[in-house]
Each structure stands twice: as structure tokens, then as C-alpha cells.
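**Student:** show me the folded form of this:
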Amino acid sequence: MASEFEITFLGTGTSIGVPVIGCDCAVCTSGDPKNQRTRCSLHVKAPDGVTWLVDTGPDLRQQCLREGISHIDAVIYTHEHTDHIMGFDDLRRFTVGADAELPIYASASCLARIEAAFHYAFNGENRYIGYLKPKPHVISGLFHLGKTTVTPLAVEHGKVETIGFLFEHENAGSVAYIPDAKTLAPETMEQLRNIDLLIIDGLQETLHPTHLSVGESVAIAESVGAKQTWLTHFSCRMDYQRVGPTLPKNVGLAWDGLRW
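**Tutor:** From the prediction side, this is the model:
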């Protein structure tokens, strides 16, 4: 294990999930559970016991039930795309008490999108037992979750403002999570130098206009000297048993439920 953070991959699929509705390709009809992917999300537990989610896709309820998640201390968001925010209302189970609040961290644009979609949770009129009570925080630089320093990482992903995250704790190795990106800013590449664990977009083997391909992500991992890399955010063009063996020994394909 490359770090003392406890990482659980809640989902490793692209925006439409795998199997894809109406698709009868070999991966979508595969019986291999590692080819069955819910929308991308991550659960992190730091050495000091603080826990958080990165993104809340539309499969969040099933993911939390599958992994037995009954408590979190915060949620952070990479960007505002539907597959990363639309499970937001399921967070109500983490603010059951009348005074319970859940810290939410996102860029200003992402927070605005979440508030527009779930206005009832932010208008101050629903402070009841069992209702969702978020406490929003705009990400404008590094911040802390318990004793973990969280640094936003500049990336490019289509036309929407998107960030990755670097997690650093004095009692653990460094972890970066970049599930959606096409290019990384030069300063991000420097921040990733010699990272212990890199989790990065690897949509498919062929090039894509807004996502990193497998080859592009492997090249990034090699360039920054990542000790261990897991690829995530896969389309149905990624067959686990076919693609996995072609990767360098310190690079792997993540799957739903993988714990690291």
C-alpha cells in the first residue's frame, strides 16, 4: 500500500456508466464484475479518521450501501457535470439531526450549479430532522480536512471549470485524484512530482477531445515519477482483462469497490 490514506473507489465509470443502455458490446454484456462500472466517485479516510467523498454521482446511494458508508465529514467536488453532482440529495442521510450540517467544498461555479439544482437545501427553510443541510465553502486555494491539506490542481476538461485534488497528511503518503481531465497545467505536473499514489482519468485507449486516453495518462504517470497509478473513469471500450495486462507494473485499472 503506497499510502496510509484508505481509498475506496465507489465508482469508476464514465458519465453513462457501464453497461451502457442499449449497448450490446463485449464489455457491456460481460459477466466480469470489474467491467460493471457506476459513475465516478471516491471515498477517502485519512490517518486521523476524517472521511470525505469526492463527487456525488447519480449512483451514490447504491455505492454507499454497497460499501457500508454511514458517516462522512465532508464532500468535495471536481466539477459541475451531471455525473459528478446529481447524487447530491442522497447526502441527506449524513445530516439527519436537526442541527447536523455537512461541509461542501467546490469552486464558485460548481457551487452555483449545485445550488441551482438543489435550491431547497440551501434556502434555509428546511432545517428539519432528516433533511439535507449543506454548509458550502468556495474553494479558492488549499484548505484542510482535519489534518489533511487539500490542494486544488489545475486541469483542463472541456469547457467547464474542473479541478483535481492533492491530499497530503504528515502521517501518510501523498495522493492525487484527477478523474476528469484532458491536459494538466504545468504547475499541476510539478505538484505531482514523485507522488505516492496517482488516480487519474483513463477513459479509453483511443484519443478523446476532453478526456485523457490510457496512453496519455501512463505518460503523465511516468513523467511525474508516480510510485503507483490507478486509472479510472472508463468507457465501455475498456475491457479489464484485455487492457490491464498491457499496462506497466505500477499502473492498474481501478474497479468499483477497489480499496487501497
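**Student:** can you give me the pLDDT of E125?
**Tutor:** On pLDDT, E125 comes in at 88.
**Student:** any idea how many residues pack against it?
**Tutor:** 10 (other Cβ atoms under 10 Å). Bear in mind the C-beta positions are built from the backbone N, C-alpha and C, glycine included.
**Student:** cool, and H119?
**Tutor:** Count around H119 with other Cβ under 10 Å applied: 10.
**Student:** any idea how far it is from I139?
**Tutor:** Going from H119 to I139 by Cβ to Cβ, to the nearest Å gives 21 Å.
**Student:** next, the residue nearest to L132 when sequence neighbours are not counted: phi, psi?
**Tutor:** Leaving aside its sequence neighbours, L132 sits nearest to R92 (Cβ to Cβ, 6 or more residues apart in numbering; 3.9 Å). Phi and psi for R92, reported as degrees, to the nearest 10, are phi -60, psi -30.
**Student:** where do the strands sit along the stretch 51-200 of the chain?
**Tutor:** 51-54, 74-76, 102-106, 134-138, 143-145, 148-156, 163-168, 175-178, 183-184, 197-201 (DSSP state E, counting those that start in this stretch).
**Student:** okay if I get these as JSON lines plus mean pLDDT?
**Tutor:** Converted to JSON lines, the strands of the stretch 51-200 of the chain look like this (pLDDT from 0 to 100):
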{"stretch": "strand 51-54", "mean pLDDT": "98"}
{"stretch": "strand 74-76", "mean pLDDT": "98"}
{"stretch": "strand 102-106", "mean pLDDT": "98"}
{"stretch": "strand 134-138", "mean pLDDT": "98"}
{"stretch": "strand 143-145", "mean pLDDT": "98"}
{"stretch": "strand 148-156", "mean pLDDT": "98"}
{"stretch": "strand 163-168", "mean pLDDT": "98"}
{"stretch": "strand 175-178", "mean pLDDT": "98"}
{"stretch": "strand 183-184", "mean pLDDT": "98"}
{"stretch": "strand 197-201", "mean pLDDT": "98"}
